[in-house]
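Engineer: heads up, no residue letters with this:
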């Protein structure tokens, strides 16, 4: 009876496991699909296969000949077999989540061991990597043990030698090289295995960062040719370890495998080169990271990251991130982010984001955004956003935004279109105000002004002269204004201005401020008449007889209010025409 119950339970368990679905993003190469095409580009064929299998292909554009056409008819066959027929067994395939990565690998090689020595806590293997078709020994191929994170490159004669210390009952060597299919050879022993840095459940994950990080100016200077070759040979393998230490990129606790390892803690005396950081990394001079950095990264000179940064990044001179940044960045000279940025950035000279940016930027010279910006920018010289600004720009000299929906403060503010506010000496809005006004008032009979900005806020620059033989006055001033738009023809302008009066004596300070309201009526497009009341506050220390003959001796009207000392106030008027 107990045996029957056991058998029933076993069958139920087996059936249940058989019904369990394999996750959609695993074993994509084993999925069976049907494909029938005639005279189509191979890129289109790959799209149909990926849609049928519910996954994606990832490959270099140079892999496919865009002008070649293929015809194929296969029913209910694994993706791997279809790819073998399409590429005639000249392409290698690996899986990375929902992606199938294609890599040109027309050549094949094998590992031929020459010497195998096993002893207590020691495993020594040497041999050759040989091309199976030509018999030629392959130089600069990577030979590595992915679990133990040890590797080497074959010499010019295709020879390699690896030594493994510890308790191992097997060593699995893999050989990789660009344009070759990977090959693996297993060496068995009687000793229990204790992997030191690689978990078998970790799958190959694809290149995590910018492929050109090693070929950048900094990368070529600090990364050895052996490490660059290693990265080219095995671009898709990455492992995780809790700790690494290095003196320089070539002298690391992980050796030449340092660029394939993601560390929890990474300490670099001078500089280090790793696959990624998921915790804390610090260097006396520099950190070069192929993939992502999470949490914290500090360097005395620079941090260069081929992937993304999620956390805090601080460098004495430069932070260079080839993908996105989310968190905090501080650099003595430059913060550079190639993709989107969502961060608080501080830079001694420049913050540069080549895509969209959200957050806060402060720089000694300039903040530059290649696309949209949302947040606050502060710089000593200028802020430049090539597309939309939804926030605040404050600069010592100039601000630029293609479309402004926020606030600009600077000597010169420039935008193509604006629904926000620009406050500065000159505000140039391409689709905004470019108004020239001729007007008169109770103090100076001839004035000309330039108004730039938009209805929300515009700047007024003006000069004037009282044309008179006996009461000359010369003036120049600046102001701001806002238009209340009533309809297409009618508006009310509220303005505040300040101006300096010259009454024939430069030793005297004569300042006049006006608060004025103008009713504006557009007679026809490009021509407006306006007029309205104003209140004037005047402060002057020119005494009667101190002015040059012919200049006004006293501009204060008889009806005025005395505010004490030399300050007077009175009601005035303003009237003129505006040419758009």
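Structural biologist: Received the coordinates, thanks. The model shown is predicted, which means the values in this text are computed figures rather than measured ones.
Engineer: next SSE after the helix or strand where residue 281 lies?
Structural biologist: Using DSSP states H and E, the element containing residue 281 is strand 276-283. Downstream of strand 276-283, the next assigned helix or strand under DSSP H and E is strand 286-289.
Engineer: Quick one: mean pLDDT over that following strand.
Structural biologist: Computed over strand 286-289, the mean pLDDT rounds to 93.
Engineer: go on, stretch 381-393?
Structural biologist: 96.
Engineer: Show me the contact partners of that stretch.
Structural biologist: Defining contact as Cβ atoms under 8 Å, 6 or more residues apart in numbering, one finds that stretch 381-393 is touched by 361, 365-377, 394-410, 413, 415, 420. For the C-beta atoms, the positions are set from N, CA and C on the backbone; glycine is no exception.
Engineer: Keep only those of the residues you listed that are in helices.
Structural biologist: Judged by DSSP state H, helices contain none of the contacts of stretch 381-393.
Engineer: For ChimeraX, write a command that selects the buried ones of these.
Structural biologist: A single ChimeraX command selects the buried members of the contacts of stretch 381-393 (16 or more other Cβ atoms under 10 Å):
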select :361,365,366,367,368,369,370,372,373,374,375,376,377,394,395,398,399,400,401,402,403,404,406,407,408,409,410,413,415,420
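Engineer: contact partners of the helix or strand residue 576 falls within?
Structural biologist: Assigned by DSSP H and E, residue 576 belongs to strand 567-579. Contacts with strand 567-579, where a contact means Cβ under 8 Å, 6+ apart, come from 435-443, 447, 451, 514, 516, 518, 520, 526-539, 556-557, 559-563.
Engineer: Would you show me how to pick out the buried ones of those residues in PyMOL?
Structural biologist: Filtering the contacts of strand 567-579 down to the buried ones (16+ other Cβ under 10 Å) takes a single PyMOL command:
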select buried, resi 435+437+439+440+441+443+447+451+514+516+518+520+528+530+531+532+534+536+537+538
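Engineer: Wait, residue 367 touches residue 380, no?
Structural biologist: No - taking contacts as Cβ atoms under 8 Å, residue 367 lies outside contact range of residue 380: 10.1 Å.
Engineer: elements contacting the one helix or strand residue 151 maps to?
Structural biologist: Taking DSSP H and E as the definition, residue 151 sits inside strand 150-153. Applying 3 or more Cβ pairs under 8 Å, 6 or more residues apart in numbering; DSSP states H and E, one finds that strand 150-153 contacts strand 142-145, strand 159-165, helix 225-233.
Engineer: Show me which residues of that strand are buried.
Structural biologist: 150, 151, 152, 153.
Engineer: Mind listing the strands that strand pairs with, and their directions?
Structural biologist: strand 142-145 (antiparallel) (DSSP bridges).
Engineer: Leaving out the residues flanking it, which one is nearest to residue 144?
Structural biologist: residue 151 (3.4 Å; Cβ to Cβ, 6 or more residues apart in numbering).
Engineer: wait, the one you found sits on residue 160?
Structural biologist: No - with contact defined as Cβ under 8 Å, residue 151 does not reach residue 160; the gap is 9.4 Å.
Engineer: Quick check: neighbours shared by these two?
Structural biologist: Joint contacts of residue 151 and residue 160 (Cβ under 8 Å, 6+ apart) are residue 143.
Engineer: what's the average pLDDT for the helix or strand hosting residue 111?
Structural biologist: Here residue 111 sits within strand 107-119, counting by DSSP H and E. Averaged across strand 107-119, the pLDDT comes to 77.
Engineer: which helices and strands does that strand pack with?
Structural biologist: Using 3+ Cβ pairs under 8 Å, 6+ apart, strand 107-119 is in contact with strand 122-131, strand 170-176, strand 180-181, strand 183-188.
Engineer: right, and these - which one's nearest residue 92?
Structural biologist: Checking the helices and strands packed on strand 107-119 against residue 92 by Cβ to Cβ gives strand 180-181 as the closest, at 5.0 Å.
Engineer: Name every strand pairing with that closest one and say which way it goes.
Structural biologist: Strand 180-181 is paired, per DSSP bridges, with strand 107-119 (parallel).
Engineer: got a list of contacts for the strand holding residue 111?
Structural biologist: Against strand 107-119 from outside (Cβ under 8 Å, 6+ apart): 123-133, 138, 141, 143, 159, 173, 175, 177, 179-181, 183, 185, 187, 189, 191.
Engineer: So which of the contacts of strand 567-579 are in strands?
Structural biologist: Assigned to strands by DSSP state E, the following of the contacts of strand 567-579 qualify: 435-441, 447, 451, 514, 516, 518, 520, 527-539, 561-562.
Engineer: what sits opposite residue 127 in the beta ladder?
Structural biologist: Residues in beta-bridge contact with residue 127 (DSSP bridges): residue 113, residue 160.
Engineer: so who does it touch?
Structural biologist: Contacts of residue 127 by Cβ under 8 Å, 6+ apart are 111, 112, 113, 114, 115, 159, 160.
Engineer: and the first one, how far is that from residue 160?
Structural biologist: By that I understand residue 111. Between residue 111 and residue 160 the distance, using Cβ to Cβ, to the nearest Å, works out to 8 Å.
Engineer: what touches both of these two?
Structural biologist: In contact with both residue 111 and residue 160: 127, 128, 129, 143, using Cβ under 8 Å, 6+ apart.
Engineer: since we're on the last one, how many residues are nearby?
Structural biologist: The number of residues packed near residue 143 is 28, by other Cβ atoms under 10 Å.
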